[in-house]
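K.L.:
Got a sequence here, can you build the structure:
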Amino acid sequence: MLISKEVNPKWLIPVILAGALVFVGLLWIIIRLIIRRAIVIRELRESEEKFSKAFESSPYAIMVTNVESGAFTEVNNAFVLLSGFSRKEALAGPSSELKLWVNEKIDSL
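P.N.:
Below you'll find the model as predicted:
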């Protein structure tokens with residue numbers, strides 16, 4: 001039998017307190033992890049906002065390209081103004097179809 005009919009209260013209180021301390025410790029760890037995650041998410045959002053502002057406000061044409069497909073995944077306003085292509089046209093297919101490069105070898109990269 002695991003539990004005796006006669007429980008010595010002298011040992012019961014320390015066992016309960018130890019269990020409570022373990023619970024509080026685990027709760028503290030979970031709270032710290034939640035707070036750390038919230039901080040990381042906030043910092044990531046701020047970083048994305050900074051990048052977006054720099055990307056969109058740059059006077060230079062900037063294109064983000066998918067290496068595997070060669071397609072633009074994003075272009076900034078300067079690209080639209082300088083290239084004459086709309087954002088929709090630029091993002092529609094592989095960048096090679098836009099014939100932006102003078103050298104055909106570069107075009108195939």
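K.L.:
Now do the phi/psi pair for residue 75.
P.N.:
Reported as degrees, to the nearest 10, the phi and psi values for residue 75 are phi -130, psi 150.
K.L.:
what about it, neighbour count?
P.N.:
Neighbour count for residue 75, taken as other CB atoms under 10 Å: 22. Where C-beta positions appear, they are placed from N, C-alpha and C, glycine not excepted.
K.L.:
Show me the helices in this structure, by range?
P.N.:
Listed from the start of the chain, the chain has helices (DSSP state H) covering 9-57, 77-83, 87-91, 104-107.
K.L.:
is it possible to export those helices to CSV including mean neighbour count and distance to residue 70?
P.N.:
Shown next, in CSV, are the helices of the chain (neighbours: other CB atoms under 10 Å; distance: least, CB to CB, whole Å):
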stretch, mean neighbour count, distance to residue 70
helix 9-57, 10, 20
helix 77-83, 15, 16
helix 87-91, 15, 12
helix 104-107, 10, 9
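K.L.:
Can you say which of those is nearest to residue 65?
P.N.:
Nearest to residue 65, of all the helices of the chain, is helix 87-91, at 10.6 Å by CB to CB.
K.L.:
before we move on, the earlier item: comparing the helices of the chain, which yields the minimum mean pLDDT?
P.N.:
Mean pLDDT is lowest for helix 104-107 among the helices of the chain, at a mean of 56.
K.L.:
among the helices of the chain, which is nearest residue 64?
P.N.:
helix 9-57 (8.2 Å).
K.L.:
which other helices and strands contact the closest one?
P.N.:
If you count contacts as 3 or more CB pairs under 8 Å, 6 or more residues apart in numbering; DSSP states H and E, helix 9-57 packs onto no helix or strand.
K.L.:
Can you give the distance of it from its chain's centre?
P.N.:
Here helix 9-57 shows a centroid-to-chain-centroid distance of 18 Å under the convention CA atoms, centre = their mean, to the nearest Å.
K.L.:
Can you give me the domain assignment for this structure?
P.N.:
Domain assignment of the chain by automatic domain parsing yields the ranges 9-55, 58-109.
K.L.:
still on that earlier bit, Serialize the helices of the chain to TSV and add fields for distance to residue 65.
P.N.:
What follows is the helices of the chain, written out as TSV (distance: least, CB to CB, whole Å):
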stretch	distance to residue 65
helix 9-57	14
helix 77-83	12
helix 87-91	11
helix 104-107	13
